[in-house]
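[1] Build me a structure from this.
(chains A, B, C and D)
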Protein chains: 2
Amino acid sequence: MPGTKLDDIDRKILAELQGDGRMTNVELARRVGISAPPCLRRVRALEEQGFILGYHADVNPRELGFEVQVFAMVGLQSQAESDLSAFEARCRDWPLVRECHMLNGDIDFILKCVAPDLRSFQTFLTEELTAAPNVGSVKTSLVIRQAKDEPGVPFDILEARLRREA
Amino acid sequence: MPGTKLDDIDRKILAELQGDGRMTNVELARRVGISAPPCLRRVRALEEQGFILGYHADVNPRELGFEVQVFAMVGLQSQAESDLSAFEARCRDWPLVRECHMLNGDIDFILKCVAPDLRSFQTFLTEELTAAPNVGSVKTSLVIRQAKDEPGVPFDILEARLRREA
DNA sequence: GTTGAAAAATTCAAATT
DNA sequence: AATTTGAATTTTTCAAC
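    Numbering: from 1, shown residues only, chains lettered A, B, ... in the order given. Model (predicted):
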């Protein structure tokens, strides 16, 4: 089940749906060059096999009143697995934390956060994040502007690699 | 046009589509409690007004052969606007760089990168990123694991704020 | 925002290669 | 084994209300 290999059409489907996740199945079928029924079956299979994890509308945080985006670099006091897991569970419970990645190197975690304004982020920072058990150091950096925000993976790189192998 | 305010139904639509961007309009209408035609009109309006920026399938990088995710913290030598823009333009051209955020504080940029393996990332790091004009310092951290990866914004926070204001 | 109707898309079962 | 065809169901989308 996990080792199921994808063919050219499957990869094209993934690339198209990564680019426009709300495209109709007939339009998708047209673009990948097959008829609608097998195209739909492939999409369902890609979902079931875990190649497609979900579909999401990309909303505009600023327009919705989330003016502030922050990256927080967090160091823990204990890196025992149970303590790492406990911190991750806390992150999942904090709505302002949208992403939590465990890293190697100096910092243990990087958190991508959003907040309505600086004041509410500061409240979260001092009363929740810094105050949480086992949290050693927290360094935060405000996002000034976003130069690039592409979803997922670069399919052109994937295709180039496959051509090289062939 | 930009100051158009959203009502409860609009926010519910955004929350639902953030959660499942491929939901049919009929199902969406049912969930937000109106009939399909006005629901579709609202979705189109939300798209045109920039509240919805796009729809994307969330693909599984590992399954697709992108085993490595890296955060790169980049410092530039010159922070003149033309130099910042030039670096951002380079990031947009690098397929492995999926996100590029300009930050305040010690680091100038944080880059989220994906790569098929460590070797190809190292090649990118040494031959492209570090070698690029005006790049002063680059610190990279591998993602060990992802504890949370939620798209967009926390709509429950938004609703709580609106209730407080009312 | 609702209702009603036409056009289009989804989805399944069989036939085809 | 996978794709196409054809057909029934559902959804989309546009009117007019």
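
[2] Quick check: what element follows the lengthiest strand in chain A along the chain?
    Secondary structure of chain A per DSSP state E: the longest strand is strand A:135-149. Remark: after strand A:135-149, the chain's next helix or strand is helix A:155-165, criterion DSSP states H and E.

[3] Give me the mean pLDDT for that next one.
    Helix A:155-165 comes out with an average pLDDT of 91.

[4] Contacts for it next, please.
    Residues outside helix A:155-165 that contact it (Cβ atoms under 8 Å, 6 or more residues apart in numbering or on different chains): A:11, A:14-15, A:18, B:64-66, B:95-96, B:116. Using the backbone N, CA and C atoms, a C-beta is placed for each residue, glycine as well.

[5] and which of the residues you listed is nearest A:Ile107?
    B:Leu96 (21.2 Å; Cβ to Cβ).

[6] From chain A, how far out is that closest one?
    Distance from B:Leu96 to chain A, counting by Cβ to the nearest Cβ, to the nearest Å: 7 Å.

[7] So A:Leu40 belongs to a strand, correct?
    No - read with DSSP: H, G, I helix; E, B strand; the rest coil, A:Leu40 is helix and lies in no strand.

[8] The residue lying closest to it once chain neighbours are set aside - how many residues pack around it?
    Leaving aside its chain neighbours, A:Leu40 sits nearest to A:Asn25 (5.1 Å; criterion: Cβ to Cβ, 6 or more residues apart in numbering or on different chains). A count of nearby residues for A:Asn25, using other Cβ atoms under 10 Å in any protein chain shown, gives 12.

[9] what are the phi and psi values for A:Asn25?
    phi -70, psi -30 (degrees, to the nearest 10).

[10] Contact partners for it?
    A:36, A:39-40, A:43.

[11] For PyMOL, what selects the buried ones among the residues you listed?
    The PyMOL selection below is limited to those of these classed as buried (16 or more other Cβ atoms under 10 Å in any protein chain shown):
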select buried, chain A and resi 39+43
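
[12] hey, where'd the strands end up in chain A?
    Under DSSP E, chain A gives strands at A:52-59, A:68-76, A:97-103, A:109-115, A:135-149.

[13] in its sheet, what does the second one sit against?
    What that stands for is strand A:68-76. The sheet places strand A:68-76 alongside strand A:109-115 (antiparallel), strand A:135-149 (antiparallel), with pairing taken from DSSP bridges.

[14] Tabulate the ones you listed (TSV), appending mean neighbour count.
    Output for those, formatted as TSV (neighbours: other Cβ atoms under 10 Å in any protein chain shown):
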stretch	mean neighbour count
strand A:109-115	23
strand A:135-149	15
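
[15] can you put the ones you listed in a markdown table and add mean pLDDT and distance to B:Leu103?
    Below are these laid out as a markdown table (pLDDT from 0 to 100; distance: least, Cβ to Cβ, whole Å):
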| stretch | mean pLDDT | distance to B:Leu103 |
| --- | --- | --- |
| strand A:109-115 | 98 | 12 |
| strand A:135-149 | 97 | 4 |
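
[16] Please tabulate those in TSV and include distance to DNA strand C as additional columns.
    As requested, the strands paired with strand A:68-76 are arranged in TSV below (distance: least, Cβ to the nearest atom of the strand, whole Å):
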stretch	distance to DNA strand C
strand A:109-115	27
strand A:135-149	27
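
[17] closest one to B:Thr126 among those strands?
    strand A:135-149 (21.0 Å).

[18] The closest one to strand A:52-59, inter-axis angle?
    If you take axes from the mean of the first three to the mean of the last three Cα atoms, to 10 degrees, strand A:135-149 sits at 80 degrees to strand A:52-59.

[19] And the closest residue to A:Phe121 other than its chain neighbours, how close does it get to B:Gly50?
    Nearest residue to A:Phe121, sequence neighbours excluded (Cβ to Cβ, 6+ apart): A:Ala115, at 3.7 Å. Distance of A:Ala115 to B:Gly50, given as Cβ to Cβ, to the nearest Å: 20 Å.

[20] just A:Phe51 next, same as before
    30 Å.

[21] just A:Glu63 next, same as before
    From A:Glu63 to B:Gly50 the distance is 6 Å (Cβ to Cβ).

[22] Just want to know which of these two has more residues nearby.
    A:Glu63 (18 against 14).

[23] quick one: pLDDT of the residue of chain A found nearest DNA strand C?
    Using Cβ to the nearest atom of the strand, A:Asn25 is the residue of chain A that sits closest to DNA strand C, at 3.0 Å. We have a pLDDT of 97 for A:Asn25.

[24] domain ranges for chain A?
    A:1-58, A:68-142 (automatic domain parsing).
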